[in-house]
Every structure is written in C-alpha cells, then in structure tokens.
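Chemist: Predicted model, plus sequence, below.
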Amino acid sequence: MDSIHLRQSKPPRHNSELLESLTRLPRAAWAKWISPETLLSQVYNTAPFLQARVPAPESCRLIEMGGTSDGFLRILASWENIRRPDLHPSEQLQDYFALCLACHHATVATFVPTDVDTKIRGLAWRETADVEVLKPMMRFALGARGWAEEGISTRSIRGVSGHNGEHWSVIAGGLGRMLELGDTVSAGEAQAAIEAEIVRQQAVFDQVAAERDGELDLLRLAMTLAHNRGDLTQGMGFWKKTPLTLPLMDHFKARGRFDRAVRMYQDTGLSAEGHRHYPLRPVKALRRSPATLLPLCPFLDDWGTVVAALEEHQEVIAALVIGCQKLEGQQGYYRAIAGMYQASPGAFERAASRMPNATQRLLRSAEMRKLISVPRVSFESMMRKRARASLARLRHSKNA
C-alpha cells in the first residue's frame, strides 16, 4: 500500500512539467485546418445578408441538423456547439464536417466561396478509419441534398444547379472511402444517390433540347452539367485505386460524362466564361444583397440593370472592364456593361467618368464600345443559333 501511495504522489521532476500537465488541452479535430470562427467570418464576409436569416441557436449536435431544407442555416446559427467540452474528437470531426458543408453550401454561388472543398470531398473522410464515425457523415451528406438554394444562388436552371454537383462530389468522396474500409452498404447508398442524380440531370437536358425555344436554358444547362461532371471527377480524385474503386471510377467517368452537354459547352464558347469571377471579388457592394448574386454567364443583361442601381456602380463598371481584358473570349461581362448602360445611359457615363483614367480609356476603346453596343436581342439570337448548330452536329455525329 505504501509503495503504491509513493508512486502516485511522486512529484514531477520540474515545475514546468507540472504547469504543462495542468494547462495542456485536447487537440481539436480541426487544429490543422481552418478554425470554425474563421469559417463563420468568411461566410458573413461574402454573404452578410445571411445574418438576418439564421434562426435561433439549438442545443443539439451539428451533425444532427442536416435533414431539413434550412439545415445549413440552423448549423450556422448553432456553430458554437462544436466547442462543447464534452465532445469526443470523433464527434468534433463529424460536427466540423457538417459545419464545412453548411458554409460551402451557403457561399459556393457567392463572389467569395469558402475554401473547404478538399475537406468535405476527401480530407475529413480520410481522417479516421472508423466506419461508425463516417456513417453519420454519409447520412448527413445525403440529407444535405435537400437544402434550399433560394437566397444564396441565382444559378438554378429547370431545377438543376451547380449545388447539385457540389453535393455529389462530397458523396463521391465518402463513397470511395467507404469502399476502401469495406462498408459496402453505405457505399451502395452513396452510389445509388449519384446514379439517380446523373439520370435526373441528363433527363432535364434532353427535355430542354427537345423544346422549340429552349436554347438559352439549354446553354445554361450545358454549362452547369459540364461543371458538375468536373465536381464528380474531383470527388473521385481522393479515392485510393483498388480492385473495388477502379471499376466504379471507370463506370462514373462514362455514366456521368454528359457528352452532349460538355460538347455544347465547348463548341458554343461557353467554356471561356469561367466561374470564379476574380475581377468582381473586390467589389464589396455586390455582396450586400442576394439580388446582386451573379447568374450564369454570359446572360448578364438583367444583372447589369440591377447593379446599375448601386451607389457604387462605378466600381462595378471598372471591375467588369478589367475583367473583359483579363478573361479572353468571355462575353458575359460585356453583356453586364451593356445592361448597366441601357438602364440609364446618363448615369452610366457619369459613373464611368469617376473611374481611373486607364480604365476609362479601356471602356472607350473601339473594340469595347463595339461589343457593348450589340443589342441584347441580337446577342441572344446569336447564342440560340450556336445552340441549334451544336445540337445538329451532335445528332449528325450520333447517326454517322
């Protein structure tokens, strides 16, 4: 008994050891990644209007909040729950995954999306080999497909959007990990969800392709499906190449190829439009309201009319002009400038006169003036003809 007592009461060799033992805190599951506080600050930096939409905080785990259409807002409201001291590291990982996915959903169609793609597609899934920890994450990812997009995106076309691609890229990342760890049941649920979404998106594209006057929506769908295919590929990029994953990877590369959409995206000039819009990111006035969220390029005439009402619209004109120079081959920014000018030529010229001299010279160049003077009806007629010509080539190649 005495010897045991002596071993238990043996003092540390140095006072510093005692201090360290008293102050050492458990390492948070996200310690090597971006902190929850920083994530929230980034969300409200790019989408400050969301602060008025978040509901009252709840007391439950973040991973348990994903099953409703406003699940991402509930998580944003209750994010501090992730700091609860009673959470095990595996529970912290689950809740951090939920927070990252909520932040990504809220911002991916804004001007400055949160940079958590690699976490939700791969890194978080690979942080543990315990399938019992990963199963709730998969259920959460599957449930997140039902989150609403109203007020955070203006890029949904006939019920298809880039958010769909973002969600299946996350599910794909988890699918590969579940196969690797031998959970074929969870992997099967994930695969079924992706297969069904591929069928749905292709069916919408085919339906619009058959419509008499659906060319502009068809072009928007072509751009969306091309990007969604890329998201699926990126989700699979985290897979380990095994006898189980390699055949499925080949299957999805063929199944989710969206050949007609991708070829239309490429041969109608849409691939030059880009989707990150770096030139517009510095204009903070564009972030204040969901009304100024950017639609799919190049059809930005209406958006130009909206942003022409901003007090800081000279900043928008300047950013668009610079973007026209930086993004070779794009047409959307010219259409936005045309929309701003048509809203009020006088106000446009007064705003332009307040821009830096170098930017004013670019705006007044012959090439710039020529492109922004194209009437909207003429531009859209040209794009309709491109869509019809692309469809004709696709049908010809199919029958050849």
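Modeler: Sure, I can see it. Computed from a predicted structure; not experimentally measured.

Chemist: what about residue 80, neighbour count?
Modeler: Using other Cβ atoms under 10 Å, residue 80 has 12 other residues around it. (C-beta placed from N, C-alpha, C; glycine too.)

Chemist: Likewise for the one 10 residues further on?
Modeler: In terms of burial, residue 90 registers 16 neighbours under the definition other Cβ under 10 Å.

Chemist: tell me the contacts of it?
Modeler: Residue 90 makes contacts with 29, 128, 130, 133, as judged by Cβ atoms under 8 Å, 6 or more residues apart in numbering.

Chemist: run the last query once more with 7 Å
Modeler: Residues in contact with residue 90 (Cβ atoms under 7 Å, 6 or more residues apart in numbering) are 128, 130, 133.

Chemist: buried subset of those?
Modeler: 128, 133 (16 or more other Cβ atoms under 10 Å).

Chemist: Which of the contacts of residue 90 fall in helices?
Modeler: Cross-referencing the contacts of residue 90 against helices under DSSP state H gives residue 133.

Chemist: Could you save the contacts of residue 90 as TSV and add columns showing pLDDT and distance to residue 208?
Modeler: Formatted as TSV, the contacts of residue 90 follow (pLDDT from 0 to 100; distance: Cβ to Cβ, whole Å):
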residue	pLDDT	distance to residue 208
128	96	43
130	97	44
133	98	42
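
Chemist: With respect to residue 163, which of the contacts of residue 90 is nearest?
Modeler: residue 133 (25.9 Å; Cβ to Cβ).

Chemist: and of the contacts of residue 90, the nearest to residue 67?
Modeler: residue 133 (18.8 Å).

Chemist: CSV please, covering the contacts of residue 90 and showing distance to residue 67.
Modeler: Output for the contacts of residue 90, formatted as CSV (distance: Cβ to Cβ, whole Å):
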residue, distance to residue 67
128, 23
130, 23
133, 19
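
Chemist: For the residue nearest to the spatial centre of the chain, which non-adjacent residue is closest in space?
Modeler: Central residue of the chain (Cα atoms, centre = their mean): residue 108, 3.0 Å from the mean position. Nearest non-adjacent residue to residue 108, counting by Cβ to Cβ, 6 or more residues apart in numbering: residue 166, 5.5 Å away.

Chemist: Give the helix, strand or coil label for that neighbour.
Modeler: helix (DSSP: H, G, I helix; E, B strand; the rest coil).

Chemist: residues contacting the residue nearest to the centre of the chain?
Modeler: 162, 163, 166.

Chemist: count of residues packed around the last one?
Modeler: So that's residue 166. Residue 166, neighbours per other Cβ under 10 Å, totals 25.

Chemist: you'd agree it is up against residue 228?
Modeler: No: between residue 166 and residue 228 there is no contact under Cβ atoms under 7 Å: 8.4 Å.

Chemist: Can you list the low-confidence ranges for the stretch 301-400 of the chain?
Modeler: 399-400 (pLDDT under 70).

Chemist: One more pass at 80, please.
Modeler: Across the stretch 301-400 of the chain, the ranges flagged by pLDDT under 80 are 396-400.

Chemist: picking up where we left off before, contacting residues for the residue nearest to residue 108?
Modeler: Counting by Cβ under 7 Å, 6+ apart, residue 166 touches 104, 108, 231.

Chemist: From these, pick the one nearest residue 326.
Modeler: Of these, the one sitting nearest to residue 326 (Cβ to Cβ) turns out to be residue 108, at 22.1 Å.

Chemist: Could you measure from that closest one over to residue 376?
Modeler: Between residue 108 and residue 376 the computed distance is 28 Å (Cβ to Cβ, to the nearest Å).

Chemist: Now do the buried residues in the longest helix seen in the chain.
Modeler: In the chain, with assignment by DSSP H, the single longest helix is helix 184-209. Across helix 184-209, burial judged by 16+ other Cβ under 10 Å covers 186-187, 189-191, 193-194, 197-198, 201-202, 204-205, 208-209.

Chemist: Please work out the average pLDDT along stretch 209-229.
Modeler: The predicted model gives stretch 209-229 an average pLDDT of 97.

Chemist: any idea how far residue 329 is from the residue nearest to the centre of the chain?
Modeler: For residue 108, the distance to residue 329 - Cβ to Cβ - is 24 Å.

Chemist: before we move on, what about residue 351?
Modeler: 26 Å.

Chemist: Between these two, tell me which one has more neighbours.
Modeler: Taking neighbours as other Cβ under 10 Å, residue 351 and residue 329 compare with residue 351 leading, 21 against 9.
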